[in-house]
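With the sequence up front, the predicted model follows.
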Amino acid sequence: MTIRHLKVFITLVENSTMRKTAQILFVSQPSISQTIQELEKHYNVKLFERSAQRLYLSDQGKLFYGYAKNAVEEFDKIESVMKKASDYNQVKIGASMSVGTYILNDYISLLENKLINIKTDVVVNNTTTIEQLVKEFKLDIGIVEGLVISDELVKVPLFKDELVIIAGIKHEFYKHDLVDLQMLHNQAFITRESGSVERNQFENLLKENNIKINRHWECSNIETIKNAVICGRGLAVISKLAIEKEVSLGLLKILPIKNHNMVRTINLIYHKDKYLSDNLLNVINIIETK
């Protein structure tokens, strides 16, 4: 049984004769008759009582008509909704904290300029969370900094970003142009939350050199971290992208580490088994070639 069977049956019920039904549907009368016979055989019932040139619904036919009508109406709704949905380039994008705060709007503006009717749903969280959401197909793509662990994901490098230590104007280190790792021992730091790539990368460097720091604050909000450092609450490790304005105003100072630097890659990620529609391929290509 197909949706065509239901539509033929409904049209016949509402017009009573084979001839009129055939005219409305632009098919032959024998084709109408065959379709009804197929339905009756399929359900092993008699849908019509036949008398001369007219057809009368049987009790089983009356029962079937109500369900068939509802089924066709729901099918037509699906057709309408899905055809309208295909008119939009909908994409669910995830971004890590630094990317979401300082870069993502540029990418979305670019997509809006190049693609007609694009609709974006955005989630901003740390890299670990965005990676998991992409793995679970809850996001189409992610743009994240640093280490991506899962081998289920395709990684497309976009550009390099540098992590730097910053000091506020009230901090004693503000007067330095360079710091040695040993100078960081027991210093108060405003650190990112567990799972943050910034924190993990910096802590790996500390561990390798037997340096211990005092985690004075723990925070997931980049602006809060910057404000705490400006107020002299401690040092912080943060993306260079995030502090351009404050550095230019003299509120923060970048402190290079002697003989060390912390560079990470900003990656576009998506699941290797993700169906890449033409719309999604366009999005990936635009972001990749920005």
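Looks like it came in fine. Numbers count the residues shown, from 1 in each chain.

So what touches whichever strand or helix holds residue 245?
Secondary-structure element containing residue 245, defined by DSSP states H and E: helix 244-248. Among residues not part of helix 244-248, those counted as contacts by Cβ atoms under 8 Å, 6 or more residues apart in numbering are 226, 230, 252, 253, 254. Using the backbone N, CA and C atoms, a C-beta is placed for each residue, glycine as well.

Which strand or helix spans the first one?
In this case it means residue 226. Per DSSP H and E, residue 226 falls inside helix 222-230.

just checking, what packs against that helix?
Contacts defined by 3 or more Cβ pairs under 8 Å, 6 or more residues apart in numbering; DSSP states H and E place helix 222-230 against helix 97-102, strand 153-168, strand 188-191, strand 235-239, strand 252-255.

returning to that earlier point: tell me the one of the contacts of helix 244-248 nearest residue 210?
Taking Cβ to Cβ as the measure, residue 210 sits nearest to residue 254 out of the contacts of helix 244-248, at 24.4 Å.

and that closest one, bridged to which residues?
Note on residue 254: beta-bridge partners residue 166, judged by DSSP bridges.

quick one: contacts of the helix or strand bottoming out on mean pLDDT in the chain?
Taking all helices and strands of the chain together, the one with the lowest average confidence (mean pLDDT, DSSP states H and E) is helix 197-208, at a mean of 79. Applying Cβ under 8 Å, 6+ apart, the contact partners of helix 197-208 are 96, 98, 126-127, 144-147, 163, 181, 184, 191-193, 212-213, 237-239, 260, 262, 264.

Quick check: end-to-end length of stretch 50-65?
The first residue of stretch 50-65 is 17 Å away from its last residue (Cα to Cα, to the nearest Å).

Quick one: residues in contact with it.
Counting by Cβ under 8 Å, 6+ apart, the neighbours of stretch 50-65 from elsewhere in the structure are 9-10, 12-13, 16-18, 39, 43, 45-49.

next one: stretch 213-226
Outside of stretch 213-226, the residues that reach it under the criterion Cβ under 8 Å, 6+ apart are 97-98, 101, 126, 166, 184-193, 196, 206, 228, 233-234, 236, 238-239, 242-243, 246, 252.

What are the contacting residues of stretch 186-193?
Contact with stretch 186-193 is made by 97, 126, 173, 198-199, 212-220, 225, 228-229, 233-237, as judged by Cβ under 8 Å, 6+ apart.

Distance from the chain centre to the helix holding residue 245, please.
Its chain's C-alpha centre lies 31 Å from the corresponding centre of helix 244-248 when counted by Cα atoms, centre = their mean, to the nearest Å.

ok, now stretch 93-113?
A distance of 12 Å separates the centroid of the chain from that of stretch 93-113, by Cα atoms, centre = their mean.

For the contacts of helix 244-248, pick the one with the most neighbours.
Per-residue neighbour counts (other Cβ atoms under 10 Å) across those peak at residue 252, which has 25 neighbours.

any idea how far residue 174 is from it?
Shown here: residue 252 relative to residue 174, a distance of 9 Å by Cβ to Cβ, to the nearest Å.

Now do the shared contacts for those two.
With Cβ under 8 Å, 6+ apart as the test, residue 252 and residue 174 both reach 167, 168.

Residue ranges of each domain in the chain, please.
What the record gives for the chain is the domain set 3-85, 89-158+266-288, 162-263, from automatic domain parsing.

for the last one, the distance to its chain's centre please.
Counting by Cα atoms, centre = their mean, domain 162-263 is centred 31 Å from the centre of its parent chain.
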